[in-house]
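>>> turn this into a structure:
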Amino acid sequence: MAPFRKNSPKMESFMEDLMNEKPFTPPVAKDMVDEGKSFAETAAGKQLQGELLMMKEKLEAAEKEMKDNLAKFQQKEKALSEEMEKTKKEAKERQEKLEKDLDEKMEKMAQEARDQREADAKKLKDMQNKSDEERRQMQRDADKRASDLQDRHERERRELMASQTNASSGGTDQLARLEKLINSTRKMRTEDAKELKRLQNRLDRTNNARATIATKRLKCPTGKLYKKNRDGDWVCGGKHFLSAKEYKRRAS
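Below is the predicted model:
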């Protein structure tokens with residue numbers, strides 16, 4: 001824009017318009033000055049108050065929403081915390097129950113193993129007592145039969161000697177009697193041999209029964225059979241271990 005020159009027509013026209021222009025007075029100033037109103041009583045003040053009131057209501061609504069959301073979050077957090085505590089408590093109770101059940105089961109198995117060992121020991125002792133008594137009885141029977149056999153042999157010997165002395169006077173009847181006596185002696189010896197064999201078989205069966213019980217493998221508290229390792233000790237494949245001496249003591 002070209003500058004105005006002093007005393008130029010454009011400059012004079014501009015100055016004249018400026019001087020003739022009416023001054024601008026804002027309505028709020030006019031109300032406050034001319035009518036003596038406060039700013040809040042003017043239209044602008046009322047409009048501003050309305051906007052401020054709307055803003056306040058929005059802020060209060062936003063604050064209320066935030067508080068509600070915070071309350072919901074806290075409530076949810078509390079519920080989650082309570083649920084977590086409940087879950088922990090239930091897990092702890094389950095763990096304690098499992099441990100208790102396991103302890104009771106282990107104790108029951110250990111007691112069963114002890115009862116089994118005691119029963120086996122009693123059975124073995126009974127078998128030993130019975131076997132010892134049977135052996136003594138069989139020995140008594142064998143001794144008696146041997147004594148009877150010796151007595152018979154002695155009697156037969158005397159009879160034979162008497163028969164030989166009187167052979168000439170006895171004739172055929174005496175020889176028949178002698179032959180009958182010899183056959184009877186042979187039969188008695190055969191029966192004695194069979195009886196001794198029968199007694200020996202009974203003794204063998206008794207000894208086999210004792211050996212079977214004595215070599216019966218023990219079980220550990222978990223129910224597994226002990227196995228003998230290369231060192232001569234006994235293990236079950238787990239944590240249970242018995243030395244050879246302890247295993248022998250329990251087995252007996």
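>>> CA atoms for contacts and neighbours, from now on please.
OK.
>>> where does pLDDT dip in the stretch 101-250 of the chain?
Within the stretch 101-250 of the chain, the segments meeting pLDDT under 70 span 131, 146, 153, 156-157, 160-189, 192-193, 196, 199, 203-204, 206-217.
>>> now K86: how far from K76?
Using CA to CA, to the nearest Å, K86 is found at 15 Å from K76.
>>> should've said S243
61 Å.
>>> in which helix or strand would I find D120?
helix 43-165 (DSSP states H and E).
>>> so which elements touch that helix?
Here helix 43-165 touches helix 167-214, helix 244-251, going by 3 or more CA pairs under 8 Å, 6 or more residues apart in numbering; DSSP states H and E.
>>> the same query, at a cut-off of 7 Å, please.
helix 167-214 (3 or more CA pairs under 7 Å, 6 or more residues apart in numbering; DSSP states H and E).
>>> mind listing the strands the helix or strand that comes right after the helix it packs on pairs with, and their directions?
Note on helix 167-214: by DSSP H and E, the next helix or strand toward the C-terminus is strand 227-228. Strand 227-228 sits in its sheet next to strand 234-235 (antiparallel), going by DSSP bridges.
>>> name the residues that touch the helix or strand just after the partner strand?
Sequence-wise, the next helix or strand downstream of strand 234-235 (DSSP H and E) is strand 241-242. Strand 241-242 is contacted from outside by 233-235, using CA atoms under 7 Å, 6 or more residues apart in numbering.
>>> the same query, at a cut-off of 10 Å, please.
Contacts with strand 241-242, where a contact means CA atoms under 10 Å, 6 or more residues apart in numbering, come from 220, 226-228, 232-236, 247-248, 250.
>>> and stretch 96-115, by the same measure?
By CA under 10 Å, 6+ apart, stretch 96-115 touches 90-95, 116-121, 218-223, 250.
>>> stretch 68-81 too?
Taking CA under 10 Å, 6+ apart as the rule, stretch 68-81 contacts 62-67, 82-87.
>>> from those residues, which would you call buried?
Buried by 16 or more other CA atoms under 10 Å: nothing, out of the contacts of stretch 68-81.
>>> need these in CSV with pLDDT, can you?
Below are these laid out as CSV (pLDDT from 0 to 100):
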residue, pLDDT
A62, 87
E63, 88
K64, 89
E65, 90
M66, 90
K67, 89
E82, 88
E83, 87
M84, 88
E85, 88
K86, 88
T87, 87
